[in-house]
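1. this is the structure alone, sequence omitted:
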């Protein structure tokens, strides 16, 4: 489970397969209907909105339109500054998406598009929260992420895919029955160097949270990917909800771009 730690920002573009797109594409290209403008939000109103990060709960957020869609490569966005998150295209403001969180640049997967709007997955409670952001040119940095991760709790396996092709597979550990690893379409939100604990040199927190623990170790109960000092976790459901992986798996996982989908079934 993710605990207080010294954060380590990492450069995404050193990762092969994570290439900059020329511009955000519109799902409605060729549609002559006028674009829906976002609701006006004053600076004062913006400060009142909850920050869409792992510590927050966002009420009124739509849910992932395809939570069981599986891991797949796709577009991700990095906001250049705080962006308002809306409940729908042109709808009610519900949160603000920060440019940086947990010491790492914010990268969120795009799951739908309409003109200059993008529906993205949020790292907040409740799990599977989503939201719409207005991203005209210059407000966010788009990129194509070629990687995805599958986690199968029944078979205790983790699989890394590149462009749909398996490039690695390991036996892992998951949450114990009273604190199960939650299922759904999560994603990597940060890379943290552990300074307080010795169980893993790096922890990769995910956008999902424990369904049975509101807090853990002083944190918000964020589920993470990390290794363990011994192999007692291999093929076992004995964690407090996090996904424990062998060191060689973690060595590959830390190379994954932020925003990489982790599909947990």
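-> In hand now; what should we look at? Since we're looking at a predicted model, the values are computed, not measured. Numbering: from 1, shown residues only.
2. give the contact list for residue 247.
-> Counting by C-beta atoms under 8 Å, 6 or more residues apart in numbering, residue 247 makes contact with residue 227. C-beta here means a position set from N, CA and C on the backbone, and glycine is covered the same way.
3. show me where the stretch 151-265 of the chain has its strands.
-> 157-162, 165-171, 174-175, 184-187, 192-193, 202-209, 222-226, 237-239, 243-244, 261-264 (DSSP state E, counting those that start in this stretch).
4. orientation of the longest one relative to strand 222-226 in degrees?
-> Yep, that's strand 202-209 we're talking about. Using axes from the mean of the first three to the mean of the last three C-alpha atoms, to 10 degrees, the direction of strand 202-209 lies 150 degrees away from that of strand 222-226.
5. picking that back up, could the strands of the stretch 151-265 of the chain go into JSON lines alongside mean pLDDT, mean neighbour count and distance to residue 129?
-> Formatted as JSON lines, the strands of the stretch 151-265 of the chain follow (pLDDT from 0 to 100; neighbours: other C-beta atoms under 10 Å; distance: least, C-beta to C-beta, whole Å):
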{"stretch": "strand 157-162", "mean pLDDT": "97", "mean neighbour count": "19", "distance to residue 129": "24"}
{"stretch": "strand 165-171", "mean pLDDT": "97", "mean neighbour count": "13", "distance to residue 129": "29"}
{"stretch": "strand 174-175", "mean pLDDT": "98", "mean neighbour count": "24", "distance to residue 129": "20"}
{"stretch": "strand 184-187", "mean pLDDT": "96", "mean neighbour count": "26", "distance to residue 129": "11"}
{"stretch": "strand 192-193", "mean pLDDT": "94", "mean neighbour count": "18", "distance to residue 129": "21"}
{"stretch": "strand 202-209", "mean pLDDT": "97", "mean neighbour count": "27", "distance to residue 129": "8"}
{"stretch": "strand 222-226", "mean pLDDT": "98", "mean neighbour count": "27", "distance to residue 129": "14"}
{"stretch": "strand 237-239", "mean pLDDT": "97", "mean neighbour count": "18", "distance to residue 129": "23"}
{"stretch": "strand 243-244", "mean pLDDT": "98", "mean neighbour count": "27", "distance to residue 129": "20"}
{"stretch": "strand 261-264", "mean pLDDT": "97", "mean neighbour count": "23", "distance to residue 129": "15"}
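6. can you tell me which of the ones you listed comes nearest to residue 42?
-> Proximity to residue 42, assessed across the strands of the stretch 151-265 of the chain by C-beta to C-beta, is greatest for strand 202-209 (28.6 Å).
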